[in-house]
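# Here is the input, now give the coordinates:
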Amino acid sequence: MKSSPFLGYWLALTGVLVLSPDALLIRLSGDDPWQINAWRGTLSGLMLLAYCYIAGGFNLTKALQPAGIPVILGVILATAFSALGFIYGITHANVTDVLVIIAFAPLLSALLSALFLHEKVLLRTWIATLVCGIGLAILLSQTNQHSSMGGWLGAFIAALGLAAQFVLLRSRPKADLTAAIGLGNILSGFIAMGLASTLALHSMPQLLSILGTALLVIPLSFILFAASLRSITAAETSLIMLIESVLGSFWVWLFLGELPSLNTLLGGLLVLSTLTIYGLLTLRDHPKAQAH
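The predicted structure is shown next:
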């Protein structure tokens, strides 16, 4: 039977809605990125491994073997550094800045695919990269008391790690690398444990925020995105995920009163509109693969 594209769209959209409060929950979890990720990475990774067990039995060797050791290690490291970069970025920069930078990941993955998978880079990819680069330059040209160069760098590391993860998953389409992503999250948690000043949580809101993002937001959104890919293409899912850049900023503004600057609005609008047009053109030229 053919899977319904309509179902795929709703699964991806639900995944975005579930993921959208992630930045807010991180902000409510405190200001120590290492403490946050020690809990978040470890618990979300364990939840993904539990999902692997429920979905198909806890046989890591069988699930990961088709990918090969280099790809498995690559996914683990890319996931770990992306998680660490994201947490550091959110705690050291304006949330909208971080989400706009991370939205650049699909274009980075296209460039990395050309470099490592020898895929052709279309002219529109270069044009979109140039325009988004201008948008990011506008965003980063500001003097913002809520953002630091370290926070922006963390966001770039997160985007690069996410792009590398996309490329590695694309290189082994028949392998189920969910467990590798779970192990990458756990690795990020272990690294953060060695850097955190303390692992003790001192308030109920902090505990609830960390448990919310680690046990619900991260694993559930990943499962929904993975399920959506059975019915729609990765390009369609990536396009829908752009909504998270807007929703994530909205929740932080609504509950914490963090307003984006004019440069952030201009740069973000240029990046997100360019990526939307790029995504629509990609969908036009690449008909949906029919899942069975």
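# check contacts around the nearest residue to Gly150 once chain neighbours are set aside.
The shortest distance from Gly150 to any non-neighbouring residue, by Cβ to Cβ, 6 or more residues apart in numbering, is to His92 (5.2 Å). In this view, the C-beta of every residue, glycine as well, is placed from N, C-alpha and C. Shown in contact with His92 (Cβ atoms under 8 Å, 6 or more residues apart in numbering): Pro33, Ser147, Ser148, Gly150, Gly151, Gly154.
# how about the helix or strand hosting the fourth one: buried residues?
Put plainly, it is Gly150. Per DSSP states H and E: Gly150 is located in helix 149-171. Under the neighbour-count criterion of 16 or more other Cβ atoms under 10 Å, helix 149-171 has 151-169, 171 buried.
# Give me the residues contacting that helix.
Under Cβ under 8 Å, 6+ apart, the answer for helix 149-171 is 33, 71, 74-75, 78-94, 97-98, 101-106, 108-109, 111-113, 116-117, 140, 177, 181, 234.
# State the helix or strand in which Val252 lies.
Element membership for Val252, per DSSP H and E: helix 243-256.
# For the helix or strand just after that helix, give the mean pLDDT please.
The element immediately downstream of helix 243-256 (helix or strand, assigned by DSSP H and E) is helix 262-285. Taken as a whole, helix 262-285 has a mean pLDDT of 84.
# Please apply the same query to stretch 193-203.
pLDDT averaged over stretch 193-203 gives 91.
# what about that stretch, distance to the chain center?
Chain-centre distance of stretch 193-203: 24 Å, with Cα atoms, centre = their mean, to the nearest Å.
# Buried ones in it, by neighbour count?
Neighbour counts over stretch 193-203 (16+ other Cβ under 10 Å) mark Met193, Ala196, Leu201 as buried.
# Can I get those in CSV including distance to Leu270 and secondary structure?
As requested, the buried residues of stretch 193-203 are exported to CSV (distance: Cβ to Cβ, whole Å; DSSP: H, G, I helix; E, B strand; the rest coil):
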residue, distance to Leu270, secondary structure
Met193, 39, helix
Ala196, 37, coil
Leu201, 39, coil
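# For Ile223, give me its contacts.
Counting by Cβ under 8 Å, 6+ apart, Ile223 touches Tyr51.
# gap between it and Leu19?
Ile223 is 11 Å from Leu19, where distance means Cβ to Cβ, to the nearest Å.
# just Leu262 next, same as before
For Leu262 relative to Leu19 (Cβ to Cβ), the value is 27 Å.
# One more: Ser197?
The gap separating Ser197 from Leu19 is 28 Å, by Cβ to Cβ.
# so Ala67 sits right up against Leu177, yeah?
Yes - between Ala67 and Leu177 a contact is recorded at 5.9 Å, counting by Cβ atoms under 8 Å.
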